[in-house]
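# Model the structure of this input:
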Amino acid sequence: MKSVIVSSALSSAALFLSLAGTAQATQTFSVSGAAPADIQTTVDAFRASLGGANNGVGNPTSGGRREINWDGVPDSFSSPNNLPGNFFNSNSPRGLTMTTPGTGFRVSADSDNPTATPILFGDLDPVIPGNFSTFSAQRIFTAMGSNITDIFFFVPGTSTPATVLGFGVVFTDVEIAQTSSIQFYDVNDQPVGGVVAPVSGNAGLSFIAMIRDSAEIFRVRITSGQTQINGGDPNLDYVAMDDFIYGEPVAIPAPGALALLAIGGGASLLRRRR
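So this is what the prediction gives:
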């Protein structure tokens, strides 16, 4: 069974300096299903709402979006090895970095990896590959030691803080309601919205996203399942992630960037959350 929700609302965001109190339009996307085809239409609708093309890897550009599907991550940064949190702003510049309260990040091994590591995080729990599937084969992603992933945006390949128009993620194996979600924050680290992933069932897929009418999303917090993937309790909902899709990161205007640094955002905020 496939469920789809696309909604629009108006919310108020506290913006820095003279922009405080400006109303922003919000649209959310939510869908679940047993197979990639069941969520494809909603994923494509979100891409269309972001506008423009997939800008791939490399220099900043105007408009469009970036996507991460994990499948190009080399074996040296895949399970049983950890993925650096800045991989997608340094090694493969797409303007995104990650932190977690846990111990790091892991991308699952593919089927021809040189260490014969099991696919779909079978090295973390030998039973769990039967619970996971992919939207884009064959690698998926998780935080280690935590079910929390914090996302920050930068002008691709630089240390310049940025914001995005929208962000979405594909989850796999959401079996318990209210366990997986995305929360969105502005440059003042104030919440500007959130979306909860719908249940997809065993090995199913869920996609959720939010888009604003201007690029003001500075930080995203992803909660995936009830706990880290560790095989410790089969009654808990272990959830992994596949594709990330988000608007092209836009540099915070100079007055806002100065305000961000003055209130302890930017680098100091990143240090606190590492």
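# show me where this structure has helices.
For the chain, the helices defined by DSSP state H occupy 36-50, 254-262, 266-273.
# isn't D125 right up against L236?
No. Using Cβ atoms under 8 Å, D125 is not in contact with L236; the gap is 11.1 Å. Every residue, glycine included, has its C-beta placed from N, CA and C.
# returning to that earlier point: worst average pLDDT in the helices of the chain?
Comparing mean pLDDT across those, the lowest value falls on helix 266-273: a mean of 43.
# Tell me the confidence at the closest residue to G64 other than its chain neighbours?
Nearest residue to G64, sequence neighbours excluded (Cβ to Cβ, 6 or more residues apart in numbering): G52, at 3.1 Å. G52 carries a pLDDT score of 91 in this model.
# Does G52 touch L165 like I think?
No. Look at G52 against L165 with Cβ under 8 Å: they stay out of range, at 10.2 Å.
# which of those two has more neighbours?
Ranked by neighbour count (other Cβ atoms under 10 Å), G52 and L165 place L165 first, with 22 against 14.
# how close does the more buried one sit to M210?
Applying Cβ to Cβ, to the nearest Å, the value for L165 to M210 is 10 Å.
# Between those two, which contacts overlap?
Taking Cβ atoms under 8 Å, 6 or more residues apart in numbering as the contact rule, L165 and M210 both touch I217.
# list the contacts for the residue nearest to G64?
Here G52 is in contact with 63-65, 248 (Cβ under 8 Å, 6+ apart).
# Between those residues, which sits nearest A203?
Set against A203, the nearest of these by Cβ to Cβ is R65 (27.4 Å).
# Could you list the low-confidence segments of the protein?
Applying pLDDT under 70 to the chain flags residues 1-24, 231, 254-274.
# Mind doing that once more with 50?
1, 8-22, 256, 258, 261-274 (pLDDT under 50).
# what's the burial count for S76?
Using other Cβ under 10 Å, S76 is surrounded by 9 other residues.
# Check the gap between it and Q183 for me.
For S76, the distance to Q183 - Cβ to Cβ - is 32 Å.
# Does G63 touch V250 like I think?
No. Using Cβ under 8 Å, G63 is not in contact with V250, being 9.5 Å away.
# all strands of the stretch 1-150 of the chain, in order?
Ranges of strands in the stretch 1-150 of the chain, per DSSP state E, counting those that start in this stretch, are 3-12, 23-33, 65-68, 96-99, 104-107, 141-144, 148-153.
# What is the longest one packed up against?
With contacts defined as 3 or more Cβ pairs under 8 Å, 6 or more residues apart in numbering; DSSP states H and E, the secondary structure elements packing on strand 23-33 are strand 3-12, helix 36-50, strand 191-196, strand 205-212.
# Paired strands for it, with orientation please.
strand 3-12 (antiparallel), strand 205-212 (antiparallel) (DSSP bridges).
# thinking again about what came up before, who's more crowded, G63 and V250?
Taking neighbours as other Cβ under 10 Å, G63 and V250 compare with V250 leading, 20 against 13.
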